[in-house]
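In: Sequence unavailable; structure follows:
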Ligand SMILES: [Zn+2]
């Protein structure tokens, strides 16, 4: 009988001790928040919503960061610019410091 020999043949079988373990975030896919809320239009006066899409430096967050879809990102972009014009949102970091609209960082 050579069945025993057959199972142990090779030496370097399928076992690899140093297998790289990847943390899986399978269900962590970003979805556009406004698509979830079924928002059709964004009001430029809705600063509390717009502020989520502005970084603490007063910049508009990129889509890859917020997960906003292209359609809503455009709406956000234009309404942020409008809000900036009306001094509801800051243009630059200097504005952030002056207005203190983002009190998190000095
Ligand atoms: Zn969307």
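Out: Thanks, I have the structure now. Quantities reported herein were computed from a predicted structural model and do not represent experimental measurements. Numbering: from 1, shown residues only.

In: Packing partners of the helix or strand where residue 35 lies?
Out: Using DSSP states H and E, residue 35 maps to helix 33-37. Judged by 3 or more CB pairs under 8 Å, 6 or more residues apart in numbering; DSSP states H and E, helix 33-37 is in contact with helix 70-85. All C-beta atoms are positioned from the backbone trio N, CA, C, and that covers glycine.

In: Moving C-terminal from the helix it packs on, which element do we reach first?
Out: helix 93-99.

In: counting contacts, what elements does that next one pack onto?
Out: Helix 93-99 packs on no helix or strand, going by 3+ CB pairs under 8 Å, 6+ apart.

In: Can you pull the poorly scored residue ranges out of this protein?
Out: For the chain, the stretches flagged by pLDDT under 70 are 1-16, 19, 23-28, 101-106.

In: how near is the spatially most central residue of the chain to residue 94?
Out: Residue closest to the mean C-alpha point of the chain, counted by CA atoms, centre = their mean, is residue 65 at 2.9 Å. From residue 65 across to residue 94, the span is 23 Å (CB to CB, to the nearest Å).
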